[in-house]
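[1] sequence first, then the predicted structure, then my questions.
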Amino acid sequence: MITIFGIRHHGPGSARSVRAALEKLRPDLVLVEGPPDADTLIPLAALPGMQPPVALLLYLPDRPQQAVYYPYAEFSPEWQALQYALQTGTRVQFMDLPQANQLGQAEADAADPEKTGAPFDPFAMIAEAAGYSDGERWWDHFVEQRRGQGDVFGGIIELMAALRAEADKHPTPDSAYNLLREAQMRTLIRTGLANGAQNIAVVCGAWHAPALTSLDNRKSDTQLLKGLPRVNLAATWVPWTYDRLERSSGYGAGVEAPGWYDHLWHNPTNLVETWMVKVARLLRSEDLPVSPAHVIEAARLADALAVLRGIQLPGLQDLGEAVQAVFCAGNPAPMRLVRQKLVVGQRMGQIPEGAPSVPLQRDLAAAQKKVRLEPSAVFEILDLDLRKPLSLERSYLLHRLNILNIPWGLLQGASGAKGTFHEIWQTAWRPEFAVQIIEASPWGNTVVEAANARINSLAAQSADLPALTRLVDAALLADLADAIPALMFRLQDMAASSTDIPHLMEALPPLANVLRYGNVRQMDTGIVQRVVSELVTRICIGLPPACSALDDDAAQAMFSHIQAVDGAIEMLQDDEQSAAWSLALTQVAAQESIHGLVRGRVCRLMFNRSGSPDLIGQQMSRALSPGTPAAQAAAWVQGFLHGGGQALIHHPQLWQLVNDWLLALPGELFATLLPLLRRTFSLFPAAERRQIGELARHGRAAFSQGGAANLDLVRAASALTLVKLILDPQRSQSQ
């Protein structure tokens, strides 16, 4: 006897129905839609450490990026079929076209431009006929939220047969592919019968169910499967996440709401009430005012909405509308939080230690355990104090993984005194990292070994000085002692031979960053210090000629380089280097032939260092004189005011120069320059813009005097007495 259970992947109603049907049927063989290449991995699904969501990963060992995932959640019908078989000792196998053939066929089809076309969605037809917006909502209401015990699977086969008949009128490239898969499924069913099975349960996608009811076409199936291309594969289990089960993630068999389906699976009764309690707990954790009365009222509203729609139980749409109306007072903003954390969910699975893995995976797992960083699908913020050994080891691990192109952590910034002792990381583990670990495994069997090898390889291929300095920075931050000597030797050679001033300027900030972290990370930065000193000297000598004859694009690039070098010089806190840099800036500012944007930026940096408006006032006066082309003058203003307008607010002389220049512009020219000036001023903080507006409205003198003509001297004297008492109470009492 052969019993076919047509299901939808990752459907809690289908999973519940399949589990109940298997317990009633008691088959002696269970065939589950899945890759036969992974049959040997099925027993691992019964181990205590296996917690869904998980996925089977099949990949080409020599090209791991060519990989296929088979995800399973606890509410997946296939997972429940596997669990039933493993718990009862029933023989179980996967039943589909082997991925060795599917990937082989994909390579053969890749160059065939004819194998394209728009997919045909037969479920959209039935949903439209039933009055639903899409096929998924129709299936949810009639299958996944179903509470009856009738023969749902017989009805599914009948419905799918009708839909397949309609789909035959709209053939697509997938049609031929499905014929291959179904031929293989029928072949494996026949093999099961030939091996003595008498009561076979077949769990497959609903679409395939009608094609498996007849086994008479043995000859045509054999002919169809003959000569298929094949590749060698490796397979393992990997953790998965609910957001990767979601359809919008790009997963073809994905569902709209994995977290909601998890709720459906674990709450066969009191569905609405338990969901509202979850929502209330979430919103209260975010300090939103939610009371038990909200829960009761929202549950009542969801039930009422279901009645209005003529459905037996409230669906996700009804619950969402009730939550927004009652909990959120109509505000849609909190609903994004509800969707992210409850509707989609943030659960991440686990796999047992016995699952096949490459040595690099095992070393990474040991490193994660050592530094007490558990992979999690939830975005978390790590504030690492690098003076503490555990935090330093965590930093090393995250930097090493970034070198291996496994971005478990993204460096957000630093805090504290110049960021020396702290790093801020945002971490979130993604399922695809499993493939990236396999891709990185040829570099070495441990994280340290692989990171050393990869950064050496990148350095050997780098012919660009800025890129090489970034590699030096990365190697030192990751504490890759084996890679650093060769990197520094190559860096010295390349820095000594480079004559490109912009390249030298781009190379300096990463090395300054190395020196900044040198003390706390206990690095030997002597070689870096020598390279930095040489770079600073050559940059200061070459800066004035490098700034000449620049067009607008080149001036913008030089503007960024100067800004970055100035920050690096300030970070280094070396008096000789600061003096040399200040002299170079003075030389650039004195050359009127240099692009206004660069000269303006240089003058602002000089002003920031000296704080004296007199010298800068002379530079500004020349830059904004009537003889200077208006476009160049506007560029000078843009460069000078980039980053803030405090210089104008606190120094009347500079304000007056800019104000007079603006007033002297002809109307037509002013309209031409207005977008540039507006963009410059729009970057100021709101408080600065407000102060500048007050200055422009009342005039500089009135604003700076603060209304001195109307000052009440009698009241001021009373105020001064109180101020003296506050500042020096003992002296005031003695007087």
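    Arrived safely. Owing to the predicted nature of the structure, the values given are computational and were not obtained by experimental measurement.

[2] C-alpha from now on. contacts and neighbour counts both.
    Will do.

[3] show me where the stretch 401-550 of the chain has its strands.
    409-413, 422-427 (DSSP state E, counting those that start in this stretch).

[4] now swap in the chain and tell me
    Using DSSP state E, the strands found in the chain span residues 2-7, 29-32, 54-60, 63-72, 91-94, 200-205, 234-239, 380-385, 409-413, 422-427.

[5] output the ones you listed as CSV; include the columns mean neighbour count.
    Shown next, in CSV, are the strands of the chain (neighbours: other CA atoms under 10 Å):
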stretch, mean neighbour count
strand 2-7, 22
strand 29-32, 24
strand 54-60, 22
strand 63-72, 18
strand 91-94, 21
strand 200-205, 23
strand 234-239, 23
strand 380-385, 17
strand 409-413, 16
strand 422-427, 20
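
[6] what's around Cys603, how many residues?
    Residue neighbour count, defined by other CA atoms under 10 Å, stands at 25 for Cys603.

[7] pretty sure it contacts Ile616?
    Yes - under the criterion of CA atoms under 8 Å, Cys603 makes contact with Ile616 at 6.5 Å.

[8] ok, back up a step: got the strands of the chain as a markdown table, with mean pLDDT and distance to Asp174 columns?
    What follows is the strands of the chain, written out as a markdown table (pLDDT from 0 to 100; distance: least, CA to CA, whole Å):
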| stretch | mean pLDDT | distance to Asp174 |
| --- | --- | --- |
| strand 2-7 | 93 | 19 |
| strand 29-32 | 96 | 21 |
| strand 54-60 | 91 | 21 |
| strand 63-72 | 87 | 17 |
| strand 91-94 | 96 | 21 |
| strand 200-205 | 94 | 15 |
| strand 234-239 | 91 | 25 |
| strand 380-385 | 91 | 41 |
| strand 409-413 | 86 | 39 |
| strand 422-427 | 91 | 38 |
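
[9] for Pro652, which of those strands is the nearest?
    strand 409-413 (36.6 Å; CA to CA).

[10] parallel or antiparallel, which strands does the closest one pair with?
    With DSSP bridges as the test, strand 409-413 is paired with strand 422-427 (antiparallel).

[11] tilt between the strand it pairs with and strand 380-385?
    160 degrees (axes from the mean of the first three to the mean of the last three CA atoms, to 10 degrees).

[12] may I have strand 422-427 as PDB, with CA atoms only?
    What follows is strand 422-427, C-alpha atoms only, in PDB (Å, rounded to 0.1, in the frame of the first residue of the first chain):
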ATOM      1  CA  HIS A 422      37.100  50.300  23.200                       C
ATOM      2  CA  GLU A 423      35.700  48.800  20.100                       C
ATOM      3  CA  ILE A 424      32.000  48.700  19.300                       C
ATOM      4  CA  TRP A 425      30.800  45.700  17.300                       C
ATOM      5  CA  GLN A 426      27.500  44.800  15.900                       C
ATOM      6  CA  THR A 427      27.200  41.000  15.600                       C
END
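
[13] and that strand, how far out from the chain middle?
    In terms of CA atoms, centre = their mean, to the nearest Å, the centre of strand 422-427 is set 14 Å apart from its chain centre.

[14] what of stretch 246-255?
    Offset of stretch 246-255 from its chain centre (CA atoms, centre = their mean): 17 Å.

[15] and what of stretch 378-398?
    19 Å.

[16] what residues of it count as buried?
    Going by neighbour count (16 or more other CA atoms under 10 Å), the buried part of stretch 378-398 is 378, 382-386, 391-398.

[17] list of residues touching it?
    346, 367, 371, 373, 407-409, 421-429, 447, 477-479, 520-521 (CA atoms under 8 Å, 6 or more residues apart in numbering).

[18] report pLDDT for Asp62.
    At Asp62, the pLDDT value in this model is 84.

[19] what number of residues lie near it?
    So Asp62, with other CA under 10 Å, has 13 neighbours.

[20] now it: how far from Pro442?
    As judged by CA to CA, to the nearest Å, Asp62 and Pro442 stand 9 Å apart.

[21] lowest mean pLDDT among the helices and strands, pick that one out for the protein.
    helix 700-705 (a mean of 47; mean pLDDT, DSSP states H and E).

[22] spit out the contact partners of Glu439.
    Arg63, Pro64, Gln65.

[23] what of Phe123?
    By CA under 8 Å, 6+ apart, the neighbours of Phe123 are Asp134, Gly135, Glu136, Leu163.

[24] could I get the residues you listed as CSV with neighbour count?
    CSV is the format used below for the contacts of Phe123 (neighbours: other CA under 10 Å):
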residue, neighbour count
Asp134, 16
Gly135, 17
Glu136, 16
Leu163, 17
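
[25] my read: Pro431 touches Thr241, true?
    Yes - if you go by CA under 8 Å, Pro431 and Thr241 touch, sitting 6.9 Å apart.

[26] in terms of neighbours, single out the busier of the two.
    Higher neighbour count among Pro431 and Thr241: Thr241, with 28 against 18, using other CA under 10 Å.

[27] report the beta-bridge partners for the more buried one.
    According to DSSP bridges, beta-bridge pairing links Thr241 with Met348.

[28] do you know how far it is from Leu695?
    57 Å.

[29] do the same with Ala322
    Counting by CA to CA, the gap from Ala322 to Leu695 is 52 Å.

[30] which ones among the buried residues of stretch 378-398 map onto helices?
    Counting by DSSP state H, the part of the buried residues of stretch 378-398 found in helices is Ser391, Leu392, Glu393, Arg394, Ser395, Tyr396, Leu397, Leu398.

[31] how about the helices in the stretch 251-400 of the chain?
    258-266, 271-285, 292-309, 316-326, 333-338, 359-370, 389-403 (DSSP state H, counting those that start in this stretch).

[32] just put those helices in JSON lines and tack on distance to Ala687 and mean pLDDT.
    Shown next, in JSON lines, are the helices of the stretch 251-400 of the chain (distance: least, CA to CA, whole Å; pLDDT from 0 to 100):
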{"stretch": "helix 258-266", "distance to Ala687": "45", "mean pLDDT": "92"}
{"stretch": "helix 271-285", "distance to Ala687": "34", "mean pLDDT": "94"}
{"stretch": "helix 292-309", "distance to Ala687": "41", "mean pLDDT": "93"}
{"stretch": "helix 316-326", "distance to Ala687": "37", "mean pLDDT": "93"}
{"stretch": "helix 333-338", "distance to Ala687": "29", "mean pLDDT": "92"}
{"stretch": "helix 359-370", "distance to Ala687": "46", "mean pLDDT": "92"}
{"stretch": "helix 389-403", "distance to Ala687": "38", "mean pLDDT": "94"}
